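# Provided below are the primary sequence and the corresponding predicted coordinates.
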Amino acid sequence: MTETFETRFDRLILLVGRLNYMWTNTESLLIHLIAGLSGTSKDVAVIIFLTLNTTRARLDLVERLAKMDGRPATERDPILDHTHRLARLSAIRNRYNHCIYSFDPESGNPKTILMRIADRKNDIKLGREDTMDDAAMQEIEAVVDQLSTINRDIWQLIRQLGYPA
């Protein structure tokens, strides 16, 4: 059965919604890592988390706290492993959150138009377009699955380390 462009677009929007939900839910686990690494309460960690308004800043904080002198490798290394896993997925998440969507008039496939200016030596490039074909949809599904795994792994680590939950 052939998908109509409306069906494909609905599928894309649902996938991007799942991606955003899983991302936000998983990123919020950094609150518990901040609390545990800094020896503070979860409430204070929430304030710190919300004050840092980018994923990169939040990951940097957690990684720097984990790397502090005296931190045992058994605590530091798994935290860094999880933050690196999350950071690797942030580019894909950003791609689908910082774009607009349109349709390819010939194929009916949705397209993303990146809302970024790329400065070159002698010119600029605007709005890189990518078609949301089956491979792109599968990539989003794979990222959602990876985020689900990372989420479970971080929760397990939070419990293992006895961090505020």
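Done, it's in.
# Which residues are in contact with residue 146?
The neighbours of residue 146, taking C-beta atoms under 8 Å, 6 or more residues apart in numbering as the test, are 85, 89. Glycine gets a C-beta too; all of them are placed from N, C-alpha and C.
# what are the ranges of the strands in this structure?
99-103, 110-114, 117-119, 124-126, 129-131 (DSSP state E).
# winner for burial among the ones you listed?
Sort the strands of the chain by mean neighbour count, taking mean count of other C-beta atoms under 10 Å, and strand 110-114 sits at the top with a mean of 19.
# What pairs with it, parallel or antiparallel?
strand 99-103 (antiparallel), strand 129-131 (antiparallel) (DSSP bridges).
# What average pLDDT does the first one get?
Which is strand 99-103. Mean pLDDT, computed over strand 99-103, is 79.
# Is residue 112 in contact with residue 137, as I believe?
No: assessed by C-beta atoms under 8 Å, residue 112 is found out of contact with residue 137, at 11.7 Å.
# Neighbours of the residue nearest to residue 87 when sequence neighbours are not counted, how many?
Spatial nearest neighbour of residue 87, chain neighbours left out: residue 59 (5.5 Å); criterion: C-beta to C-beta, 6 or more residues apart in numbering. Residues contacting residue 59 under the criterion other C-beta atoms under 10 Å number 20.
# Where do the helices of the protein begin and end?
5-27, 30-38, 42-51, 55-66, 73-97, 134-161 (DSSP state H).
# quick one: which of the ones you listed is nearest residue 123?
Between residue 123 and the helices of the chain, the tightest spacing by C-beta to C-beta is seen for helix 73-97, at 22.4 Å.
# and that closest one, which residues are buried?
75-76, 78-79, 82-83, 85-86, 89-90, 92-93, 95-96 (16 or more other C-beta atoms under 10 Å).
# got the contact list for residue 124?
The contact partners of residue 124, by C-beta under 8 Å, 6+ apart, come to 117, 118.
# On the strand side of things, show who it bridges to.
When assigned by DSSP bridges, residue 124 has beta-bridge partners residue 119.
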